[in-house]
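Enquirer: Here's my sequence, what's the structure:
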Amino acid sequence: MIAIVLFGKPGAGKGTQAQFLKEKYNLTHISTGDVFRFNLKNDTELGKQAKVFIDKGELVPDEITINMLANEVANNMDKAGFLFDGFPRTIKQAEALEELLQEKNIKFVATIGIDADDEVLVSRILERGKTSGRSDDQDENKIRNRYIEYNEKTAPLIKYYEEKSKYTAVDGIGAIEEVTERLSKVIDTLI
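Expert: Predicted coordinates for the structure are as follows:
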C-alpha cells in the first residue's frame with residue numbers, strides 16, 4: 001500500500017483533484033474536511049471538539065485531527081493506498097502520520113503541493129461558500145485568517161518534506177483537467 005499527501009492552501013483544489021486521482025490510482029481518499037463534516041454531522045465527541053475551532057476559522061488541534069484520521073485509515077485498508085487531502089497541516093501531524101503509516105505497513109510516497117495565488121483562492125472559497133454551508137467559507141475575514149494560520153503552521157511542512165525529498169509542487173491554476181494531468185505526471189514518476 002502507498003500513501004500520497006495532497007498539499008495546498010484552502011481552496012487550492014485538493015478535494016476536486018482527489019476525486020479524479022483516487023479512481024485513477026485505486027486509492028482511498030481521506031479528506032480531513034469530509035472526516036470533520038462526518039464527525040460534526042453525527043455529533044461525535046471529536047466532532048464537538050472540532051466545531052469550536054472551525055466556527056472561529058481556526059485549525060483544529062493536532063490531537064483531534066490525528067485521532068479522526070487514525071480511525072479512517074483503520075477503516076479503509078481495502079485499496080492500493082491512501083490519498084490524504086488536508087492532512088498533515090503541522091510537523092507534529094506529519095510525524096504522527098509517518099508513525100501511523102509505518103504501523104500499518106503503508107509506504108509514504110510523496111507530498112504534492114498544489115500552488116495558487118491567494119486572491120484566486122479567496123474567490124474560489126467565497127464561491128464554494130454559496131453551496132457548501134460552511135460558515136468559514138462565507139466570510140472573507142475567516143478565509144484570510146485560515147491563510148495566516150496556514151502560513152504560520154502549515155507552510156513549514158514544505159521545507160520539512162523537501163528535506164526528506166518527498167515534496168513536489170504543481171501549478172494549481174487552470175482547467176481542472178490540466179491540473180489533474182500535471183498531478184498525474186508527478187504521481188506516475190513516483191509509483
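Enquirer: Low-confidence bits of this structure, can you list those?
Expert: Within the chain, no stretch has pLDDT under 70.
Enquirer: run the last query once more with 80
Expert: By pLDDT under 80, the low-scoring segments of the chain are 33, 59, 133-134, 136.
Enquirer: Name the residues of the lengthiest strand in it that come out as buried.
Expert: Taking DSSP state E as the criterion, the chain has its longest strand at strand 107-115. Neighbour counts over strand 107-115 (16 or more other C-beta atoms under 10 Å) mark Phe108, Val109, Ala110, Thr111, Ile112, Gly113, Ile114 as buried. Every C-beta, even on glycine, is put in place using the N, C-alpha and C of the backbone.
Enquirer: From those, pick the one nearest Glu163.
Expert: Set against Glu163, the nearest of the buried residues of strand 107-115 by C-beta to C-beta is Thr111 (11.6 Å).
Enquirer: Just confirm that closest one contacts Lys166, I think it does.
Expert: Yes - in terms of C-beta atoms under 8 Å, Thr111 counts as a neighbour of Lys166; the distance is 5.5 Å.
Enquirer: the helices in the protein, which residues?
Expert: Assigned by DSSP state H, the helices in the chain fall at 14-25, 32-41, 45-54, 62-74, 91-103, 118-132, 140-149, 156-163, 176-190.
Enquirer: Those: which one's closest to Asp85?
Expert: So among these, helix 14-25 is nearest, using C-beta to C-beta, at 4.5 Å.
Enquirer: And the closest one, what does it pack against?
Expert: Applying 3 or more C-beta pairs under 8 Å, 6 or more residues apart in numbering; DSSP states H and E, one finds that helix 14-25 contacts strand 2-7, strand 27-31, strand 81-85, helix 176-190.
Enquirer: gap between Thr168 and Ile30?
Expert: Going from Thr168 to Ile30 by C-beta to C-beta, to the nearest Å gives 20 Å.
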